[in-house]
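K.L.:
here is a sequence with its predicted model. Questions after.
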Amino acid sequence: MISFPQILFGFFSFALVVFLFLFILTSIRERQVRAVIISLLLLIFTLFGTIFSLIFFKNEILLALDVSFFLSILLLFFPFMRGKAVLVVDPQNRYDERDIMFARARYVRGTPQYRDYYSRRPERKKIDDAIRAMPKLLSPGGKYYDPVRSAIAKNYFEINKKLASLVEGRPADKKKKIEPIQATRLLKDMARKLGAVDAGIARLNPAHVYSYIGRSPGRYGIPVNLKHHFIFVFAVEMDFKAMVRAPQLDVVIESSQKYLEAAKIAIAIASYIRSIGYEARAHVDTNYRLMLPAAAVDAGLGEVGRLGILIHPRYGARVRLGAVSTDLPLNVDEPITFAVQQFCGECKKCARNCPAGAISSRKSRNVRGVVKWSTNQAACYRYWREVGTDCGICMRVCPYSKPNNFVHNVIRFAATNSPLSRKLSILADDLFYGKKIRI
């Protein structure tokens, strides 16, 4: 007669077998050969271990194993310790857009902009001159340059530049009456139908607005004046199959396509808001007036991780952001925390795999009033110019960036809630996918 301990042990073992089987199927779909082999070996071991235990172990031992299984589940899933959010320890200073690497890469020797910038930042002149002497992105000389495929991404980026004239406009003379709850629901619905996977709203934090124009359209060095009260931020997903090929051309083609998609969404929504009589400005690639990752955190889309960009709870770092600032009254969302700060504090996989050494492996520190990790922009961008793409290796290796499916969502849920699961998921990611990728 089958005993209760045997039934319970069989149930736990069956659940583990099912999960491993699903993990194998998921890994096959994702073409993760190493993960398939290791999980298949674990499945075989679990099946034989279960059969052996049911035949040879006494009920007392099986009961002890049942209790161990139950306690393990509690420790892995149910402490509900989500960790702490990013700490703001001092007043935040606005960031000068003239200092971002994309602006610095455009300064031409002998121009007023060049003389002005390096008179104020002389320590960056030698580094920036060396980078500007390298082949441009998507141009001959880059490691992954291809005259036909590189032109795809180049074309998308050029279209984005042409869309710059559409980000602003004059609102209609008469405002249409609309309640904040209706406006909020309407904008989020529009964004999703146009291709966004998530959207959120925050009150616009003036500290997130650039202080002076550097890269975006407008006269170099003039103060940025963005007086809107709300910021609507959305995310578009980057294809996992393209990202696992980082840093090859597939990544920059995917990246440029998603920037274009984000521009389409932002411009359409900003235009709609103006059509009903309210001020609105779209913020898109090459034409931002604020730091989107920080605004996205305020809008509840995720947290900024060690790699310096937004980590979304379902898509990880595989997102591109767009935004619309407006004076249209909206209902704001709350920021979220899902233990990214704690996870990134222990993981360090992006730092370990960054070929430029641009991502810090040290503890987070106070950066302009916020405790976070900072990246070496020059080292990162120099590698971009070397390979001719926008790299994406940090996004590729981030454990959060796995596809949005049942298996990975179970692991994300556990890592969010349990310190033990965070440690085990970091070890498991190295085991199943490798500590370092081959480029």
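P.N.:
Done, it's in. Numbers count the residues shown, from 1 in each chain.
K.L.:
contacting residues for the residue nearest the centre of the chain?
P.N.:
In the chain, the residue lying closest to the centroid (C-alpha atoms, centre = their mean) is A317, at 2.3 Å. Shown in contact with A317 (C-beta atoms under 8 Å, 6 or more residues apart in numbering): 305, 307, 309-311, 394-395, 398, 400-401. Every C-beta, even on glycine, is put in place using the N, C-alpha and C of the backbone.
K.L.:
which of those residues fall in helices?
P.N.:
394-395 (DSSP state H).
K.L.:
wait, which of the contacts of A317 is closest to R106?
P.N.:
I309 (21.5 Å; C-beta to C-beta).
K.L.:
phi, psi of the residue nearest to the centre of the chain?
P.N.:
Dihedral pair for A317: phi -80, psi 0, per degrees, to the nearest 10.
K.L.:
nearest residue to it other than its sequence neighbours?
P.N.:
Leaving out its chain neighbours, the residue that sits closest to A317 by C-beta to C-beta, 6 or more residues apart in numbering is M395, at 4.1 Å.
K.L.:
can you pull the contacts of the one you found?
P.N.:
M395 touches 238, 243, 246, 307, 309, 316-318, 401, counting by C-beta under 8 Å, 6+ apart.
K.L.:
at 6 Å what do you get?
P.N.:
Applying C-beta atoms under 6 Å, 6 or more residues apart in numbering to M395 gives the contacts 243, 317-318, 401.
K.L.:
show the buried residues in those residues.
P.N.:
243, 317-318, 401 (16 or more other C-beta atoms under 10 Å).
K.L.:
three-state assignment of V371?
P.N.:
strand (DSSP: H, G, I helix; E, B strand; the rest coil).
K.L.:
quick one: it and S364 touch, right?
P.N.:
Yes - between V371 and S364 there is a contact at 5.2 Å, judged by C-beta atoms under 6 Å.
K.L.:
check the offset of stretch 409-424 from the chain's centre.
P.N.:
18 Å (C-alpha atoms, centre = their mean, to the nearest Å).
K.L.:
which pair in the buried ones among the contacts of M395 has the greatest spatial separation?
P.N.:
Pairwise over those, using C-beta to C-beta, the maximum falls at M243 and A317, 8.7 Å.
K.L.:
mind listing the strands for the chain?
P.N.:
For the chain, applying DSSP state E gives strands covering 198-203, 230-237, 280-283, 303-304, 310-311, 319-326, 365-367, 370-372.
K.L.:
on that earlier part again, so the residue nearest to A317 versus G308, what's the distance?
P.N.:
11 Å (C-beta to C-beta, to the nearest Å).
K.L.:
just the buried members of the contacts of A317?
P.N.:
Listed as buried from the contacts of A317 are 305, 307, 309-311, 394-395, 398, 400-401; burial here means 16+ other C-beta under 10 Å.
K.L.:
what about the nearest residue to D146 once chain neighbours are set aside, neighbour count?
P.N.:
Excluding its sequence neighbours, the residue lying closest to D146 (C-beta to C-beta, 6+ apart) is L249, at 6.0 Å. Per other C-beta atoms under 10 Å, the neighbour tally for L249 reads 22.
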